[in-house]
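Q: Sequence first, then the predicted structure, then my questions.
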Amino acid sequence: MTRPMLTQREAATACGVSRTTIRRRREAGDLPGAVQDEARGWLIPVEDLLAAGFRLNAPAGPDVLAADSAAGSGGHGQEHGHGQEHGHGQGQGEDVAAVRAELERVRQEHALAVAAERHGRELAEAEAAHLRAQLGARAEHIADLQQALRALTPAPVRTELPPSSVPGQAGSGRPAEPEAAGGERRRWWRRG
């Protein structure tokens with residue numbers, strides 16, 4: 001498919017700006033694909049307009065319409081290059097169809113980009129949910145391991161009383177308990 005080419009006037013109308021804006025951007029090199037045609041004057045590819053940041057079918061503001069009507073009634077030689085853009089009766093219909101086709105292509109590309117972005121977001125959300133589930137399972141596993149470690153760890157070592165504090169032993173300061181009949185020692189606590 002060949003690139004649709006618009007005259008400066010058509011580009012200005014399609015983008016909702018003045019012809020002077022299109023001319024200035026062309027002269028500044030922002031529209032590198034622009035070529036000069038003997039019959040129609042400067043022709044600008046729609047792709048260059050889009051790449052330069054223009055929006056096709058943008059509504060023109062009141063100042064742009066006033067500037068175009070003033071330029072249209074004044075001298076055409078400044079913008080048209082000796083009236084080169086006027087003889088485009090049948091070509092205009094072809095250009096409009098080409099611009100519409102390009103617009104439809106851009107809309108389809110935009111719809112595909114939006115769908116790809118939405119799909120990417122859904123994939124990211126699914127991956128995040130999966131990672132959250134894995135983190136929860138790992139947290140439970142860690143809690144189980146900590147509980148098993150506590151169960152396997154020996155209880156704190158009890159300090160034994162020094163021999164001097166045990167009743168009935170030498171050096172305790174208490175008298176030894178009398179032995180029961182038969183040579184057994186009596187216990188100082190009750191059995192229960």
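A: In hand now; what should we look at?
Q: Would you map the helices across the chain?
A: 8-15, 19-27, 46-51, 62-73, 77-80, 89-152 (DSSP state H).
Q: Between those helices, which one is closest to residue 33.
A: Nearest to residue 33 among these is helix 46-51; the distance by CB to CB comes to 4.6 Å. All C-beta atoms are positioned from the backbone trio N, CA, C, and that covers glycine.
Q: Give me the packing partners of that closest one, helices and strands only.
A: When contacts are defined as 3 or more CB pairs under 8 Å, 6 or more residues apart in numbering; DSSP states H and E, helix 46-51 packs onto strand 5-7, helix 8-15, helix 89-152.
Q: which other helices and strands contact the second one?
A: Contact partners of helix 8-15 among helices and strands, from 3+ CB pairs under 8 Å, 6+ apart: helix 19-27, strand 41-45, helix 46-51, helix 89-152.
Q: let's see it at 7 Å
A: helix 19-27, strand 41-45 (3 or more CB pairs under 7 Å, 6 or more residues apart in numbering; DSSP states H and E).
Q: List the buried residues in the longest one.
A: Applying a neighbour-count criterion of 16 or more other CB atoms under 10 Å, one finds 19, 20, 21, 22, 23, 25, 26 buried in helix 19-27.
Q: ditto for the shortest one
A: Using 16+ other CB under 10 Å as the burial criterion, the residues of strand 41-45 that qualify are 41, 42, 43, 44, 45.
Q: List the strands paired with that strand, with their directions.
A: Here strand 41-45 is paired, per DSSP bridges, with strand 5-7 (antiparallel), strand 35-37 (antiparallel).
Q: who's in contact with the last one?
A: Going back to what we said before, that points to strand 35-37. Strand 35-37 is contacted from outside by 42, 43, using CB atoms under 7 Å, 6 or more residues apart in numbering.
Q: for the first one, same thing?
A: Strand 5-7 has contacts (CB under 7 Å, 6+ apart) with 14, 40, 41, 42, 43, 44, 45, 46, 85, 88, 95, 99.
Q: can you list the weak-confidence ranges in the protein?
A: Filtered on pLDDT under 70, the chain yields the residue ranges 1-3, 58-92, 157-188, 190-192.
Q: And residue 36, how close does it get to residue 47?
A: Counting by CB to CB, to the nearest Å, the gap from residue 36 to residue 47 is 18 Å.
Q: about what we covered before: of the helices and strands packed on helix 8-15, which approaches residue 124 most closely?
A: Closest approach to residue 124 among the helices and strands packed on helix 8-15 (CB to CB): strand 41-45, 36.7 Å.
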